[in-house]
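*Asks:* Following is a predicted model, sequence given first.
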Amino acid sequence: MICHAISAAVLVGATTHHLLWCRHYLRGSYGRAKAEQRFAIICAVAFVSTFALGNLLYPTYKVRVRAEYFDNPQAIAEEVKLRAANHRALGLAPTPTPTPMTTVVQSLSPIAHLFDIKEHWVALGCMASVALLILSRKLHPKDEPRVLALYVGLSAVQCGTAWLGAIVGLTTASFRAVGAPV
Amino acid sequence: MKPNVFYGVCTAIIAFALFYTLPIYARLPRTFYDPLARRWFVASTAPPVPMGYLGQIVWGISGALVAAGLVMLLTSRAKRPPSERAFALGAAWTLTTIAIVLGYFTWNNWP
């Protein structure tokens, strides 16, 4: 999980840099082409690594987070009760009465669906990143400016999907992370 | 410049996006991994826990490799680079396919 998070942080930074540098190409300035090509490599390596690490974690997420918590009304209800009891034991301000089970389930179900959307976005983003790497090596806009629309478009897809993946991943982990075996 | 690189890249992305979506849309058999039983199986649909995501990725990569390989083979003998129109259409089709597939999965999984 830690490696996945570090790799994702590199990915978000690199893809954002890449897109920002590509904006110079729209004005016909190719002064930073060498550095941008290096960033295309970093982006592709970071995307494939993050994607691979995420896939390795996916079975654990599917069982410990999705099946045992997000899709398990009993577990959510028990946790709500436990938190209320802990609040009382610690002498914190009284919490509102635990919400009825169905309401709580409805409130967590969107998180699981959001994660499903993220899965598909990052799969396409990973493909865009690899394609961008090939273009940067074989058909760069400085040599063939007519490829610019595709190049910048793929850079935007790469950056957008990386950001969405990071935000949804953090949102999901803020509700329940994969944790360690007990 | 090798003209088939442009055609190959565009085809690979379009084919990946379409073949990645195909097993979901047409309910085609794909590989599932059941993390509870720790076993792989091939099926069109499965209960909630087994994961069909990896099978979907295999569909996408296979489709991209086959389609891009074929297109690059067909266009490898082209002497002239793609026309202005071909570059514009290639970029438009590629980015539009990505947008449609992202929209499809967002719509289908929207909370």
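*Replies:* Happy to help now that I have it.

*Asks:* Please make it C-alpha for all contacts and neighbour counts, starting now.
*Replies:* Fine.

*Asks:* List the buried residues in the lowest-mean-pLDDT helix or strand in chain A.
*Replies:* None of the helices or strands of chain A scores lower by mean pLDDT, DSSP states H and E than helix A:73-90, at a mean of 79. For helix A:73-90, the neighbour count (16 or more other C-alpha atoms under 10 Å in any protein chain shown) marks A:Pro73, A:Ala75, A:Ile76, A:Ala77, A:Val80, A:Ala84 as buried.

*Asks:* next one: it to chain centre, how far?
*Replies:* How far helix A:73-90 lies from its chain's middle: 29 Å, per C-alpha atoms, centre = their mean, to the nearest Å.

*Asks:* Stretch B:32-47 too?
*Replies:* 22 Å.

*Asks:* Need the residues that contact it.
*Replies:* Applying C-alpha atoms under 8 Å, 6 or more residues apart in numbering or on different chains, the set of residues contacting stretch B:32-47 from outside is A:59-60, A:62-63, B:23, B:27-31, B:49-55.

*Asks:* Same question for stretch B:14-29.
*Replies:* A:124, A:127, B:30, B:42-45, B:56-64, B:67-68, B:93-94, B:97-98, B:101.

*Asks:* Could you do stretch A:153-162 as well?
*Replies:* A:8, A:11-12, A:15-16, A:18-19, A:22, A:47, A:118, A:121-122, A:125-126, A:128-129, A:132, B:95.

*Asks:* got the residues of chain A near chain B?
*Replies:* Within chain A, the positions adjacent to chain B are A:59-60, A:62-63, A:67, A:109-111, A:113-114, A:116-117, A:120-121, A:123-124, A:127-128, A:131, A:134-135, A:138-139, A:146-147, A:149-150, A:153-154 by C-alpha under 8 Å from any C-alpha of the partner chain.

*Asks:* Which among these count as buried?
*Replies:* Judged by 16+ other C-alpha under 10 Å, buried ones among those: A:59-60, A:62-63, A:111, A:113-114, A:116-117, A:120-121, A:123-124, A:127-128, A:131, A:134-135, A:139, A:146-147, A:149-150, A:153-154.

*Asks:* Just give me the residue right at the centre of chain B.
*Replies:* Residue closest to the mean C-alpha point of chain B, counted by C-alpha atoms, centre = their mean, is B:Phe16 at 1.5 Å.

*Asks:* quick one: low-confidence ranges for chain B?
*Replies:* B:1-3 (pLDDT under 70).

*Asks:* And the helices in it?
*Replies:* B:3-25, B:53-75, B:84-109 (DSSP state H).

*Asks:* A:Ile41: which of the ones you listed is closest?
*Replies:* Between A:Ile41 and the helices of chain B, the tightest spacing by C-alpha to C-alpha is seen for helix B:3-25, at 16.3 Å.

*Asks:* Flag every buried residue along that closest one.
*Replies:* Those would be B:3-21, B:23-24, for helix B:3-25 by 16+ other C-alpha under 10 Å.

*Asks:* And for stretch B:45-65?
*Replies:* In stretch B:45-65, counting by 16+ other C-alpha under 10 Å, buried: B:45, B:49-53, B:55-65.

*Asks:* if we can go back for a sec, so which of the buried ones among the residues of chain A next to chain B are in helices?
*Replies:* Per DSSP H, these map to helices at A:59-60, A:111, A:113-114, A:116-117, A:120-121, A:123-124, A:127-128, A:131, A:134-135, A:149-150, A:153-154.
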